[in-house]
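J.: Return a 3D structure for these sequence lines:
(one chain, ligands or ions: 1)
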Amino acid sequence: MYSVKEIYYTLQGEGQHTGRPAVFLRFSGCNLWSGREKDRETAICRFCDTDFRGVNGVGGGKYSTAQDLVQKVILNWPKTKRNIAPYVICTGGEPLLQLDKDLIDEFHRKSFEIGIETNGTIRAPENIDWICVSPKASSILKQTSGNEIKLVYPQIEKSAAPHLFQELDFDYFFLQPLDDDNLKLNTKASIEYCLKNPQWKLSIQSHKILGLP
Ligand code: SF4
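T.: Next up is the predicted model:
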């Protein structure tokens, strides 16, 4: 059984695949916050900007089989004359609480490329095509390799300082300004860090600027 908050088609707004059309499959639930405002102060991750509670979004629900869920995702991918491989981004919440071999195999059977956006506290199963890890301070990072690391910056705790991640086995390293009341200052700090440390690139949440979901 898969618990899904919502499924929608849009452009990826962040990181290396910015601008790429994708179906977003948002799973319910996260292991670093309950999603309830009353728990935010005591959560491990306290700056979340996503509603991942429940199954009440567009396309959300409980899916009893991988086939059912993949069928629903397929309905969101446009039919085109050219055969463009469909792309699904599994996100959350924390997608690795639910993404399993059955679902990965079923997506691949239907020719999907699979991306995930994970907080990195759970090891990813085999055969995911694009792994984006966004480490959170005060959590234990278990997924220490992948395609891109996308670090929200700055995080107050020293355990999320960028230099602690720079030797990990990723192809791309992004800093993404923390979107709170200090977004302007956080963006400035991120730009300065990238300019001083060119291993890191700036990732902007372009979907927010463009008004995309
Ligand atoms: S780990 Fe990600 S989904 Fe979970 S609370 Fe933090 S930002 Fe939100």
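
J.: and Lys158, what pLDDT?
T.: We have a pLDDT of 87 for Lys158.

J.: quick one, what contacts the residue lying closest to Asp100 once chain neighbours are set aside?
T.: Closest residue to Asp100 apart from its sequence neighbours, by C-beta to C-beta, 6 or more residues apart in numbering: Pro125 at 6.7 Å. For the C-beta atoms, the positions are set from N, CA and C on the backbone; glycine is no exception. Shown in contact with Pro125 (C-beta atoms under 8 Å, 6 or more residues apart in numbering): 96, 99-101, 104.

J.: In contact with Thr91, which residues are there?
T.: Here Thr91 is in contact with 24-27, 116-117 (C-beta under 8 Å, 6+ apart).

J.: So which residues on this structure come close to the ligand?
T.: 30, 32-33, 45, 48, 50, 52, 92-94, 119, 136 (C-beta under 6 Å from any ligand atom).

J.: Leu69 reaches Gly61, doesn't it?
T.: No - the criterion here is C-beta atoms under 8 Å, and Leu69 misses it with Gly61 at 9.2 Å.

J.: Common neighbours of these two, please.
T.: Val4.

J.: These two: who's more crowded?
T.: Leu69 (25 against 18; other C-beta atoms under 10 Å).

J.: Going C-terminal from the helix or strand in which that one is found, what's the next secondary structure element?
T.: Using DSSP states H and E, Leu69 sits within helix 66-75. Helices and strands here follow DSSP H and E; after helix 66-75, the next one along the chain is strand 87-91.

J.: What residues does the closest residue to Ser3 other than its chain neighbours make contact with?
T.: What sits nearest to Ser3 in space, not counting adjacent residues and going by C-beta to C-beta, 6+ apart, is Ser28, at 4.1 Å. Residues counted as contacts of Ser28 (C-beta under 8 Å, 6+ apart) are 3-5, 52-55, 60, 92-93.

J.: got those residues as TSV, with distance to Asp181 and pLDDT columns?
T.: Shown next, in TSV, are those (distance: C-beta to C-beta, whole Å; pLDDT from 0 to 100):
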residue	distance to Asp181	pLDDT
Ser3	32	98
Val4	31	98
Lys5	26	98
Phe52	22	98
Arg53	23	98
Gly54	27	97
Val55	31	98
Gly60	30	98
Gly92	24	96
Gly93	24	96
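
J.: before we move on, back to that, I'd like the distance between the residue nearest to Ser3 and the ligand.
T.: To the ligand, Ser28 is 11 Å away according to C-beta to the nearest ligand atom, to the nearest Å.

J.: how about the protein, which residue sits the furthest from its center?
T.: Going by C-alpha atoms, centre = their mean, the residue of the chain most distant from its centre is Lys81, 29.5 Å out.

J.: how near is that residue to the ligand?
T.: Lys81 is 37 Å from the ligand, by C-beta to the nearest ligand atom.

J.: any idea how far Asp180 is from that residue?
T.: Lys81 sits 44 Å away from Asp180, going by C-beta to C-beta, to the nearest Å.

J.: now the host helix or strand of Tyr8, how far from the centre of its chain.
T.: Element membership for Tyr8, per DSSP H and E: strand 2-11. Relative to its chain's centre, strand 2-11 lies at 12 Å (C-alpha atoms, centre = their mean, to the nearest Å).
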